[in-house]
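In: Just the structure for this:
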Amino acid sequence: MKYKISKGHKKEIMKRIKEAGDPDNYKVVWKEGVPKTIEKKIIRRGKKAKSSGRNFELKVRRDLEKKGRIVDKWSNNVGMWNKEGDQITKSKDKYLTQKTKKEVPFDKIIFDKIIPAKNKFNPFKKAMMLSSGFPDFISIKHIHDEMYSVIGVEVKINGILSKIEKEKCAWYLRNKIFSQIWIAKAVKKGRKIEIKYDDFLEKYGKKYEK
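Out: Next up is the predicted model:
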């Protein structure tokens, strides 16, 4: 039996074969059971970005501790559901129900309840990697008597939150999980990288204060 292959499909196949035969510049990885080739310079760029992010996160933690705050990784997240009560997960740029993989429009998502952050499987190390929650840190400081300041801190080098992150921050504040949420961003002054903390409500306005 003969199968007809479209020009576009054939071109993609030949491209992958060529890249797979160029181990100096490309690496073959498996994504959802399908082999794909990735440029090694893109992998190096990604590793460098991750390393930079980790270093800045550590810098933020040390800075908060210098301010007299107790800091720990926040290992929770805000759960997402549809109106039928099916939990939703994000897959690339889509929001899908866990069981049926049905796509849910963003404006139909219900943010509710704290859930543990999910660990991720690293196929290269063949091990589960601990996943940090959202936000990155819980930061506590004693004020007086039995009063404490409990602040959530999300580390973002560029200081910008995604649409879904804004909704989660708003949920935390509405439900008084945190008294404030700070966004720690990197600010370059000369050759030095300094930390600036933006208050979530001040940065994004009262739109999320419902």
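In: quick one, strands of the chain?
Out: Ranges of strands within the chain are 26-31, 34-39, 70-73, 76-81, 88-91, 94-97, 110-116, 120-122, 127-129, 137-144, 147-155, 180-189, 192-199, based on DSSP state E.
In: where does this structure have its least confident helix or strand?
Out: Confidence across the helices and strands of the chain bottoms out at strand 127-129, with a mean of 55, counting by mean pLDDT, DSSP states H and E.
In: just to revisit the earlier point, any idea which of the strands of the chain scores lowest on pLDDT?
Out: Looking at the strands of the chain, the lowest mean pLDDT belongs to strand 127-129 (a mean of 55).
In: In JSON lines: the strands of the chain, plus distance to Gly205.
Out: Every residue, glycine included, has its C-beta placed from N, CA and C. As requested, the strands of the chain are exported to JSON lines (distance: least, Cβ to Cβ, whole Å):
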{"stretch": "strand 26-31", "distance to Gly205": "38"}
{"stretch": "strand 34-39", "distance to Gly205": "39"}
{"stretch": "strand 70-73", "distance to Gly205": "27"}
{"stretch": "strand 76-81", "distance to Gly205": "20"}
{"stretch": "strand 88-91", "distance to Gly205": "24"}
{"stretch": "strand 94-97", "distance to Gly205": "24"}
{"stretch": "strand 110-116", "distance to Gly205": "18"}
{"stretch": "strand 120-122", "distance to Gly205": "33"}
{"stretch": "strand 127-129", "distance to Gly205": "36"}
{"stretch": "strand 137-144", "distance to Gly205": "23"}
{"stretch": "strand 147-155", "distance to Gly205": "17"}
{"stretch": "strand 180-189", "distance to Gly205": "14"}
{"stretch": "strand 192-199", "distance to Gly205": "11"}
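In: Would you format those strands as JSON lines with distance to Glu57 and mean neighbour count included?
Out: Output for the strands of the chain, formatted as JSON lines (distance: least, Cβ to Cβ, whole Å; neighbours: other Cβ atoms under 10 Å):
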{"stretch": "strand 26-31", "distance to Glu57": "26", "mean neighbour count": "13"}
{"stretch": "strand 34-39", "distance to Glu57": "25", "mean neighbour count": "13"}
{"stretch": "strand 70-73", "distance to Glu57": "10", "mean neighbour count": "14"}
{"stretch": "strand 76-81", "distance to Glu57": "17", "mean neighbour count": "19"}
{"stretch": "strand 88-91", "distance to Glu57": "21", "mean neighbour count": "15"}
{"stretch": "strand 94-97", "distance to Glu57": "26", "mean neighbour count": "16"}
{"stretch": "strand 110-116", "distance to Glu57": "20", "mean neighbour count": "14"}
{"stretch": "strand 120-122", "distance to Glu57": "17", "mean neighbour count": "10"}
{"stretch": "strand 127-129", "distance to Glu57": "15", "mean neighbour count": "10"}
{"stretch": "strand 137-144", "distance to Glu57": "8", "mean neighbour count": "15"}
{"stretch": "strand 147-155", "distance to Glu57": "5", "mean neighbour count": "18"}
{"stretch": "strand 180-189", "distance to Glu57": "8", "mean neighbour count": "18"}
{"stretch": "strand 192-199", "distance to Glu57": "11", "mean neighbour count": "13"}
